[in-house]
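Novice: Structure for the following, please:
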Amino acid sequence: ISGTSNTVDYTRNGNQSMITSANYRHLTISGSGTKTLSSDITASGILTLSSGNINCSGNALILTNSAVGAVSRTAGTIIGELQRAIGSIGSEYLFPVGTAANYNAAKITFNTLTAGTLSLEYFAGDLGNAGLPLNDAGYTIYDRYTTGYWTLKALSGLSTTDYNINLNYNGFTGVYEGSRVLRRDNGGSLFKDGTHGSVVNPEITRTGLTGFGAPFTDFAICKSEPTIITHPSDPSPICAGGNASFEVEASGFPSLSYQWQQNTGSGFSNLGNGGIYSGVTTAILTLTGATTGMDGYLYRCVVTDGGSKSVTSNSASLTVVPDPNITSQPTGATICNGGTHSLSVTAADGTPSLDFQWQESDDNGATDPWTSAVGGSGSTTDSYTTPALAASLYYRVVISATGNGCTTVTSNAAAVTVVADPTITAQ
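Specialist: Residues are numbered from 1 along each chain as shown. Below you'll find the model as predicted:
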């Protein structure tokens with residue numbers, strides 16, 4: 001140890017116990033190794049770290065100088081609790097904390113302030129995932145990094161309603177631009193406070209934080225994944241040869257990529273563009289010319305963000321039905337002059353429902369074109385009754401459906417032959 005009336009410098013290269021005192025002025029660590037506290041110590045001037053670590057060993061290193069520059073660090077880490085007097089807004093207060101293996105400093109900028117003391121300590125370990133998942137501005141925060149977290153305590157009347165935090169994530173694995181800082185008060189659930197700032201290796205920031213819990217607040221770095229805003233839904237049923245589409249809406253760290261998958265009954269597998277499929281790597285999958293064999297197929301989308309985190313949508317089902325078809329044809333009849341006849345047809349399939357239009361012609365369309373039936377009742381249903389007829393006519397029905405890809409089907413013609421009423425030719 002060397003010193004003057006103003007400065008104590010621990011110069012020894014090696015592990016060393018620090019002198020217990022509440023009256024350090026300037027405190028310097030220039031020797032390598034670990035300097036260990038046996039009780040709280042207090043310095044009122046400048047703390048300079050240029051080599052080696054300070055291990056608080058369950059005690060606190062207290063710095064009563066509220067100047068932003070009261071900590072100067074080029075190397076070394078404080079392992080344990082550092083208490084700093086806080087008196088200024090608009091500049092970063094450095095807390096050079098961490099572990100023997102990693103430097104995990106925190107920098108705090110106060111935008112509003114009632115002066116006091118801030119205690120800050122980094123803990124290697126896992127604070128749990130209570131409160132997750134949650135949504136932070138379109139990002140689903142689903143888990144936390146278990147490497148470590150930061151604990152802050154407001155002391156001596158310190159308070160603020162607006163501050164920023166900058167955390168050094170050295171030693172964490174997998175932190176990327178989609179990671180986020182979340183807060184926890186008094187050992188409760190993680191929650192979002194303030195606004196995400198940036199991730200620039202090795203630091204992640206959050207701004208506009210609103211205060212501290214009593215007695216303490218923790219900050220953790222957490223993991224995000226894309227958020228499915230709107231899952232694919234079942235499209236309207238289509239007929240064989242029809243087209244259908246499935247759409248997903250998602251948000252998350254850009255750029256998002258998409259991969260649609262299909263399940264034909266034996267599990268999901270990735271689709272490729274070609275054949276009836278297009279848009280398999282976009283937010284909208286399109287099927288052109290589906291077959292009835294695809295009825296019941298399931299479709300879903302895997303959405304991946306710019307950090308290679310993926311989430312899978314719910315699945316949606318395709319319904320493909322055959323085109324309208326006639327299972328029972330209308331039949332004609334011979335009636336007397338002025339009589340009527342009822343015709344009916346039985347049809348199936350098509351979607352969403354069948355539409356009917358009965359037609360008539362004098363000569364089965366040979367020279368008299370088929371036109372919509374006139375008079376009578378039920379001309380747009382599956383059962384039609386002619387008006388009173390004075391001449392023979394042919395009738396048929398055109399059956400259609402409005403579903404995508406559905407075709408029309410026309411029944412056989414049925415002749416309704418009109419004959420003269422009976423007459424007495426011999427009394």
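
Novice: Tell me the confidence at A22?
Specialist: Looking at A22, its pLDDT is 88.

Novice: how many other residues sit next to the closest residue to V68 other than its chain neighbours?
Specialist: Spatial nearest neighbour of V68, excluding adjacent residues (CB to CB, 6 or more residues apart in numbering): S91 at 4.3 Å. From N, CA and C alone the C-beta is placed, and that goes for glycine too. As a burial measure, S91 scores 13 neighbours (other CB atoms under 10 Å).

Novice: From what I see, S91 and T109 are in contact.
Specialist: Yes: S91 lies in contact with T109 (CB atoms under 8 Å); the separation is 6.5 Å.

Novice: re earlier: and the residue nearest to V68, how close does it get to T205?
Specialist: 15 Å (CB to CB, to the nearest Å).

Novice: Burial check on S66, number of neighbours?
Specialist: The number of residues near S66, taken as other CB under 10 Å, comes to 15.

Novice: ugh, wrong one, I meant C336
Specialist: 11.

Novice: so after the one helix or strand in the chain whose mean pLDDT sits lowest, what's the next helix or strand?
Specialist: Counting by mean pLDDT, DSSP states H and E, the chain has its least confident helix or strand at strand 2-3, which shows a mean of 55. Downstream of strand 2-3, the next assigned helix or strand under DSSP states H and E is strand 7-10.

Novice: Can you list the strands that that next one pairs with?
Specialist: Looking at strand 7-10 with DSSP bridges, its partner strands are strand 2-3 (antiparallel), strand 26-29 (parallel).

Novice: Just the residues contacting it, thanks.
Specialist: Residues outside strand 7-10 that contact it (CB atoms under 8 Å, 6 or more residues apart in numbering) are 1-3, 16, 18-19, 24-31, 35, 45, 52.

Novice: Distance from stretch 341-351 to the middle of the chain?
Specialist: Centre-to-centre, stretch 341-351 and its host chain are 48 Å apart (CA atoms, centre = their mean, to the nearest Å).

Novice: Name the residues that touch it?
Specialist: 236-239, 319, 321-333, 335, 354, 356, 358, 382-386, 389, 395, 397, 399-401, 403, 406, 409, 411, 414, 416.

Novice: Kindly recompute the last result at 7 Å.
Specialist: The contact list for stretch 341-351 (CB atoms under 7 Å, 6 or more residues apart in numbering) reads 237-239, 321-330, 333, 335, 354, 382-386, 395, 397, 399, 401, 403, 406, 411, 414, 416.
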